[in-house]
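Participant: one predicted model, sequence on top.
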Amino acid sequence: AMEEHADAIAEAVRWCICEGELIQAMGRGRGVNRTAATLLEIDLLTDVVLPVTLDALVPWSDLRPTRRDLMALTGIVLENAADMAACFPELWPTREAAKKDGQR
């Protein structure tokens, strides 16, 4: 369900702040300056309905980073389950949890 304010002026302001800023953000990539060699791909991670045409709609479950992705974002990638649990207890509370995650 789309959010909409009952008052027309308040709705115009709300739209500019919400939908309008998302549309403006798409333009920041300067797609008009791109060529076939420098294509622009825009990924919008939102549930806001926008007046744009999509090439693909991908569910968040297909994009959600794994624990290993989150570990890699820190600049470190460990392979040993005990080390993973010791260094990243918020991701793997135990060695067994890290080992099981590696088996999935």
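Facilitator: Arrived safely, thanks for sending.

Participant: helix, strand or coil: sort out the residue positioned nearest the centre of the chain for me.
Facilitator: In the chain, the centroid-proximal residue (CA atoms, centre = their mean) is residue 45; its distance is 5.0 Å. Secondary structure, DSSP: H, G, I helix; E, B strand; the rest coil: residue 45 is coil.

Participant: correct me, but it touches residue 59?
Facilitator: No. Using CB atoms under 8 Å as the test, residue 45 is too far from residue 59 to be in contact (11.2 Å). The way it works is simple: take the backbone N, C-alpha and C, and place the C-beta from them, glycine included.

Participant: buried residues, the helix or strand of the chain with the lowest mean pLDDT. List them.
Facilitator: Least confident helix or strand, the chain: helix 60-63 with a mean of 87, by mean pLDDT, DSSP states H and E. Residues of helix 60-63 classed as buried by neighbour count (16 or more other CB atoms under 10 Å): none.

Participant: can you give the distance of that helix from its chain's centre?
Facilitator: 9 Å (CA atoms, centre = their mean, to the nearest Å).

Participant: residues contacting the residue nearest to the centre of the chain?
Facilitator: 60, 63 (CB atoms under 8 Å, 6 or more residues apart in numbering).

Participant: so how far is residue 25 from it?
Facilitator: 11 Å (CB to CB, to the nearest Å).

Participant: using PDB, write down the CA coordinates of the least confident helix or strand of the chain.
Facilitator: In PDB, the C-alpha atoms belonging to helix 60-63 read as follows (Å, rounded to 0.1, in the frame of the first residue of the first chain):
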ATOM      1  CA  TRP A  60      15.800  -9.200  -1.200                       C
ATOM      2  CA  SER A  61      16.200 -12.900  -0.200                       C
ATOM      3  CA  ASP A  62      18.300 -13.300  -3.400                       C
ATOM      4  CA  LEU A  63      20.400 -10.300  -2.600                       C
END
